[in-house]
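Participant: Sequence first, then the predicted structure:
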Amino acid sequence: MSSQFPEARPRRLRRNASLRSLFQETEFSLNDLVLPIFVEEEIDDFVPIKSMPGVMRIPESKLAGEIERYARAGIKSVMTFGVSHHLDSSGSDTWNDNGLVSRMSRIAKDAVPEMIVMSDTCFCEYTDHGHCGVLHNHEVDNDQTLINLGRQAVAAARAGADVIAPSAAMDGQVQAIRRALDDAGFTQTAIMAYSTKFASALYGPFREAGGSALKGDRKSYQMNPMNRREAVRESLMDEQEGADALMVKPAGAYLDIIRDIREVSRLPLSAYQVSGEYAMIKFAAQAGAIDEDRVVRESLGAIKRAGADLIFTYFAMDLALAGI
């Protein structure tokens, strides 16, 4: 065998840490991460979420201090989810200027004006039935829900939210929200569309975190996890309706979808590493099966490598404190 065989030797660029770092193709930083947070009204202390070790419901009274703590650590953006004690059939508290949705944005922006506040725009945590909109004959009424989504978006924008993030999975929601925002004078408020949101089994811990009252499922309006072409179509429809950025949710099990959308759209693309993905890593690490830090970085790197520009992750603060 010739001493020249093999001619191609990729291992030459892997010989030591400096070479590996120099030739690394994919990187992420705190600039790429958004921290989702849960804020509960009418409680006095933090409430641990058992299925999401390390994540807590934040008392509204302590939200300002938490936002300041995140900013000191280097976090640039948060996504707000409310745990409401004022539920009704339509989730009307969400478009009340003094309701929890508005108060979260107002408190966060007052505490750290430069923090980018993304307001999750939905109704599942504010309805007594746990669905993402108005029920009519046991089905979610798409078009009435669109009207209410517009109301909620305007209230959040009026309270200071930088980005409206509709997660209700209603047909036409981006266009309805864009029109409502523009009509109210919020032409500069951006829309981060949950443009490809699957009816995933990985949302389980989120239900505990948000105190969901859901009976049944959301399969009639969230996407079938087995549909790839439809996943791309959904995001392209939201782009046509005026979305400023797109999202795939969940992330880790849908890297192919992230890549598919990245190849057909030039909009910023985000991916949401959801509660079940977080919990699997945490519990596996607690069992001694994996190295948590390495797996977190590998999983986020894979999401970035697939084509995501931004990543929503509950690990954001851990990475910030570790100096990423």
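Facilitator: Done, it's in.
Participant: What lies in contact with the one helix or strand in the chain whose mean pLDDT sits lowest?
Facilitator: Within the chain, judged by mean pLDDT, DSSP states H and E, the helix or strand with the poorest mean is helix 204-210; its value is a mean of 84. Residues outside helix 204-210 that contact it (Cβ atoms under 8 Å, 6 or more residues apart in numbering): 38, 49-52, 55, 57, 81, 83, 124-125, 212, 214, 274-276, 278-279. C-beta here means a position set from N, CA and C on the backbone, and glycine is covered the same way.
Participant: what helix or strand does Leu255 sit in?
Facilitator: Per DSSP states H and E, Leu255 falls inside helix 255-264.
Participant: sorry, back to before: can you name the next helix or strand after the least confident helix or strand of the chain?
Facilitator: helix 229-241.
Participant: got the buried residues for that following helix?
Facilitator: 231-232, 234-239, 241 (16 or more other Cβ atoms under 10 Å).
Participant: Kindly give a single PyMOL line that selects the buried subset of the contacts of helix 204-210.
Facilitator: Only the buried entries of the contacts of helix 204-210 go into this PyMOL selection, using 16+ other Cβ under 10 Å:
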select buried, resi 38+49+51+52+55+57+81+83+124+125+212+274+275+276+278+279
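Participant: Counting only helices, which of the contacts of helix 204-210 make the cut?
Facilitator: 275-276, 278-279 (DSSP state H).
Participant: I'd like the average pLDDT over stretch 89-102.
Facilitator: Averaged over stretch 89-102, pLDDT sits at 97.
Participant: got the CA coordinates for that stretch in CSV?
Facilitator: In CSV, the C-alpha atoms belonging to stretch 89-102 read as follows (Å, rounded to 0.1, in the frame of the first residue of the first chain):
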residue,chain,number,x,y,z
SER,A,89,-64.5,30.8,28.3
SER,A,90,-62.7,33.3,26.0
GLY,A,91,-59.6,34.3,27.8
SER,A,92,-60.7,37.9,28.0
ASP,A,93,-58.1,38.8,30.6
THR,A,94,-55.5,38.7,27.8
TRP,A,95,-56.8,41.9,26.1
ASN,A,96,-57.4,43.8,29.4
ASP,A,97,-54.9,46.6,29.6
ASN,A,98,-54.5,45.7,33.3
GLY,A,99,-54.5,41.9,32.7
LEU,A,100,-51.6,39.6,33.3
VAL,A,101,-50.4,39.6,29.6
SER,A,102,-50.1,43.4,29.7
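Participant: mind checking how far it is from the chain centre?
Facilitator: 20 Å (Cα atoms, centre = their mean, to the nearest Å).
Participant: Among the buried residues of helix 229-241, find me the one that's closest to Glu42.
Facilitator: Asp238 (34.8 Å; Cβ to Cβ).
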